[in-house]
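Q: Pasted the sequence and its predicted model underneath.
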Amino acid sequence: DAGVTQSPTHLIKTRGQQVTLRCSPKSGHDTVSWYQQALGQGPQFIFQYYEEEERQRGNFPDRFSGHQFPNYSSELNVNALLLGDSALYLCASSTGDGFNSPLHFGNGTRLTVT
Amino acid sequence: QKEVEQDPGPLSVPEGAIVSLNCTYSNSAFQYFMWYRQYSRKGPELLMYTYSSGNKEDGRFTAQVDKSSKYISLFIRDSQPSDSATYLCAMRVNFGNEKLTFGTGTRLTIIP
């Protein structure tokens, strides 16, 4: 049973560019959340998608946007990249009822902005 | 002030020792508490998931929640070198609000 898979594993971009990160949730999960983890910090919540809609959003600018597809997979898009966007981007999946379905994380995409 | 405070360490203990990891929080609305383990170059892995005050035990791991003090702990008994990792506490308000708020993580090394 495949867990949460993310692609690519590493990415190097230049300031001002745009990036798209991809996530496939664990089998049976319908909810996808994205987190940003800066070096030496805990993950910070970006947003969550359920039934192809953004259900909740953290304190991130509009440069961060996302999408969920009918097969529950998801993309995170970041426009106008800044040096401070360099981080590990984690995707987590769960089922819609929340309490009985803790988040399962992928291994992340490490983004470096130069 | 951060909503969740966690000593980043690093913490080094000899193999077989009891490890105590702690977090404090300021938001009294938090009701669900989790501990995640994160190995280098990997995503966080759920270790313990608790609701309300009290203790929960799972093998060598014990999670403790004291809501009156806004303080949670994770104890690891008979620590092993394979326990070397970063430990993240996380919490959320309720099951309908799935956003997790994490601590900064404590980097733990078990010395053989």
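A: Yep, that arrived. What you see is a predicted model, and the numbers here were worked out from it, not measured in a lab.
Q: When you work out contacts or count neighbours from here on, use the C-alpha atoms and nothing else.
A: Noted.
Q: Quick check, A:Ser94 in contact with A:Val32.
A: Yes: A:Ser94 lies in contact with A:Val32 (C-alpha atoms under 8 Å); the separation is 6.7 Å.
Q: So which of those two has more stuff around it?
A: A:Val32 (33 against 25; other C-alpha atoms under 10 Å in any protein chain shown).
Q: Next, the contact list for that one, please.
A: Residues near A:Val32 by C-alpha atoms under 8 Å, 6 or more residues apart in numbering or on different chains: A:Pro25, A:Gln48, A:Tyr49, A:Tyr50, A:Gln68, A:Tyr72, A:Ser73, A:Ser74, A:Cys91, A:Ala92, A:Ser93, A:Ser94.
Q: and chain B, which of the residues you listed contact it?
A: Filtering these for neighbours of chain B using C-alpha under 8 Å from any C-alpha of the partner chain leaves A:Gln48.
Q: The residue nearest the centre of chain A: helix or strand, and which one exactly?
A: In chain A, the centroid-proximal residue (C-alpha atoms, centre = their mean) is A:Trp34; its distance is 3.0 Å. Following DSSP states H and E, one finds A:Trp34 within strand A:31-37.
Q: re earlier: between the contacts of A:Val32, which sits nearest chain B?
A: For the contacts of A:Val32, the residue nearest chain B by C-alpha to the nearest C-alpha is A:Gln48; the value is 8.0 Å.
Q: follow-up on the earlier one: would you check that the residue nearest to the centre of chain A makes contact with A:Glu54?
A: No: checked against C-alpha under 8 Å, the pair A:Trp34 and A:Glu54 is beyond contact range at 11.0 Å.
Q: Need the overlap of contacts for the two.
A: With C-alpha under 8 Å, 6+ apart, A:Trp34 and A:Glu54 have common neighbours A:Phe47, A:Gln48.
Q: So which bits of chain A are right by chain B?
A: Counting by C-alpha under 8 Å from any C-alpha, the residues of chain A near chain B are A:40-45, A:48, A:56, A:90, A:97-99, A:102-108.
Q: In a helix, A:Gly84, correct?
A: Yes: assessed with DSSP: H, G, I helix; E, B strand; the rest coil, A:Gly84 lies in a helix.
Q: For it, give me its contacts.
A: A:Val113.
Q: And the one 5 residues further on, by the same measure?
A: Taking C-alpha under 8 Å, 6+ apart, we find A:Tyr89 in contact with A:Trp34, A:Tyr35, A:Gln36, A:Gln37, A:Gly108, A:Thr109, A:Arg110, A:Leu111.
Q: Quick check: closest non-adjacent residue to it.
A: A:Gln36 (4.7 Å; C-alpha to C-alpha, 6 or more residues apart in numbering or on different chains).
Q: May I ask you to confirm that that neighbour is in contact with A:Asn59?
A: No: the criterion here is C-alpha under 8 Å, and A:Gln36 misses it with A:Asn59 at 11.2 Å.
Q: And those two? Which one has more around it.
A: A:Gln36 (22 against 9).
Q: looking at the sheet around B:Phe33, what are its partners?
A: Beta-bridge partners for B:Phe33, by DSSP bridges, are B:Thr50, B:Met91.
Q: shouldn't A:Thr109 be in contact with A:His10?
A: Yes: between A:Thr109 and A:His10 there is a contact under C-alpha under 8 Å: 5.5 Å.
Q: Looking at these two, which one has more neighbours?
A: Using other C-alpha under 10 Å, the more surrounded residue of A:Thr109 and A:His10 is A:Thr109, with 25 against 11.
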